[in-house]
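*Asks:* Output the structure for:
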Amino acid sequence: MTDAQERSDDDPFAEILYSVSDRVATIVLDKPERRNSLSFRMRREIITALRSAERDDDVSVVLIKANGPSFSAGYDLSTAPRKQTDDAPDHDAKYYRDDGNYPEQWVAADEFNGWTDQWARSCVRDWMNVWNLLKPVVAMVHGHCLAGGTELMSLCDIVFAAEDAQIGYPPTRGMTTPDIPFFPWKMTMAQAKYLQLTGNSVTGAEAARIGWIAKAFPAAELEAETMRELRAISSIAPALLAANKHSVNQAYEIQGMRTHFDQSWSWHALSGSLRPGARTFAEKIREGGLRHALDWRDGPFRAEGFR
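*Replies:* Take a look at the predicted model:
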């Protein structure tokens, strides 16, 4: 985005920018050269910034936005523990790091490393920080918002997007179920099944029409319209905002949302390890690189005019 702040020499963060002004704490995803792919470091920094905003009495609302052409292309898999690619059965596969340094709260013990799907558990654990935060979190989405980016976006309390943004979860076409199964909780059953089964993307305008996000604006107006909304929201007492946020949250938790999220790792593990063909995407990468694998996964949909 054109008006994002620049990094100062004493910035404590490496992959995000953080600032507070007019009762709004702003978190900027700041790896534009990698389409703001969500590394474990960026995820930790986002959580640190969220907690800082929560305890700051000068903050009423938190905004998450991004530098560069896209909000987020998804998780940065290059920073994650790698899955063994030897001849071990899928159910015995382990995740490992050459340096032995696992992400925070990653259970690397042999008894739990593979079958408990520490990757999916980490995604739920991270983004539930947004859900649990006492202050409302608003996402401002532009460009592409895909896979893990949609998980972060969908756990935010309010989302504003550019009308031409591209939002979707294409990994469900050939890799796994979502790490966080947010679709049934963000839209109707008809739309949830359609988007999760197909992996198709929708525009920001379409996402607003189906209720996935709150509002969509022309791209050139997104920043100004979002700030207009935030100026109004930030005038409300933080305690009242917290009460209203968690009153709504409680309704979804009574319906079972948290239980659904907490068990999502089992479907992620089954679809990513035990189903027939679970390794095909990885095999395509080894055969011809990532572009070859994406062509295998997305080609049939592109041929029919879907995103």
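*Asks:* how does this protein divide into domains?
*Replies:* As assigned by automatic domain parsing, the chain contains the domains 16-275, 276-307.
*Asks:* a markdown table please, covering the ones you listed and showing mean neighbour count.
*Replies:* Glycine gets a C-beta too; all of them are placed from N, C-alpha and C. Listed next are the domains of the chain as a markdown table, based on neighbours: other Cβ atoms under 10 Å:
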| stretch | mean neighbour count |
| --- | --- |
| domain 16-275 | 18 |
| domain 276-307 | 13 |
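*Asks:* Tabulate those domains (TSV), appending mean pLDDT.
*Replies:* Below are the domains of the chain laid out as TSV (pLDDT from 0 to 100):
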stretch	mean pLDDT
domain 16-275	92
domain 276-307	93
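*Asks:* from the chain's centre, how far out does stretch 237-248 sit?
*Replies:* Mean-position distance between stretch 237-248 and its chain equals 23 Å (Cα atoms, centre = their mean, to the nearest Å).
*Asks:* same deal with stretch 211-230?
*Replies:* On Cα atoms, centre = their mean, the centre of stretch 211-230 falls 19 Å from the chain's centre.
*Asks:* State which helix of this protein is the longest.
*Replies:* If you go by DSSP state H, the chain has its longest helix at helix 238-254.
*Asks:* Tell me the helices and strands packed up against that one.
*Replies:* Contact here means 3 or more Cβ pairs under 8 Å, 6 or more residues apart in numbering; DSSP states H and E; on that basis helix 238-254 packs against no helix or strand.
*Asks:* With only the CA atoms kept, save the helix or strand following that helix in CSV.
*Replies:* Downstream of helix 238-254, the next assigned helix or strand under DSSP states H and E is helix 257-262. The C-alpha atoms that make up helix 257-262 are tabulated as CSV, following Å, rounded to 0.1, in the frame of the first residue of the first chain:
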residue,chain,number,x,y,z
MET,A,257,-16.7,-23.6,16.7
ARG,A,258,-13.8,-24.0,19.1
THR,A,259,-14.3,-27.7,19.4
HIS,A,260,-14.4,-27.9,15.6
PHE,A,261,-11.2,-26.0,15.3
ASP,A,262,-9.4,-28.0,18.0
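*Asks:* if we look at helix 257-262, which residues are touching it?
*Replies:* Contacts with helix 257-262, where a contact means Cβ atoms under 8 Å, 6 or more residues apart in numbering, come from Val124, Met128, Ile180, Pro181, Pro184, Trp185.
*Asks:* Pick out whichever of the residues you listed sits closest to Val61.
*Replies:* Nearest to Val61 among those, counting by Cβ to Cβ, is Met128 at 18.8 Å.
*Asks:* pretty sure Asp76 contacts Arg34?
*Replies:* Yes: when contacts are counted by Cβ atoms under 8 Å, Asp76 is listed as touching Arg34 (6.8 Å).
*Asks:* Helices of the stretch 51-200 of the chain, start to end?
*Replies:* With DSSP state H, counting those that start in this stretch, the ranges of helices along the stretch 51-200 of the chain come out as 118-132, 148-155, 183-186, 189-198.
*Asks:* Would you mind giving those as TSV with distance to Pro276 added?
*Replies:* Formatted as TSV, the helices of the stretch 51-200 of the chain follow (distance: least, Cβ to Cβ, whole Å):
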stretch	distance to Pro276
helix 118-132	20
helix 148-155	25
helix 183-186	24
helix 189-198	18
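*Asks:* Could you check those and tell me which one is nearest Ala242?
*Replies:* The nearest among those, by Cβ to Cβ, is helix 118-132 at 10.9 Å.
*Asks:* tilt between that closest one and helix 238-254?
*Replies:* Relative orientation of helix 118-132 and helix 238-254, computed by axes from the mean of the first three to the mean of the last three Cα atoms, to 10 degrees: 130 degrees.
*Asks:* Only C-alpha atoms, please: export helix 118-132 in CSV.
*Replies:* Only the C-alpha atoms of helix 118-132 are listed here, as CSV (Å, rounded to 0.1, in the frame of the first residue of the first chain):
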residue,chain,number,x,y,z
GLN,A,118,1.8,-30.2,14.9
TRP,A,119,1.6,-28.0,11.9
ALA,A,120,-2.2,-27.7,11.8
ARG,A,121,-2.3,-27.4,15.6
SER,A,122,0.2,-24.5,15.4
CYS,A,123,-2.0,-22.6,12.9
VAL,A,124,-5.1,-22.9,15.1
ARG,A,125,-3.1,-22.0,18.2
ASP,A,126,-1.7,-18.9,16.5
TRP,A,127,-4.8,-17.4,15.0
MET,A,128,-7.0,-18.1,18.0
ASN,A,129,-5.0,-15.3,19.6
VAL,A,130,-6.9,-12.9,17.3
TRP,A,131,-10.2,-14.5,18.3
ASN,A,132,-9.4,-14.3,22.0
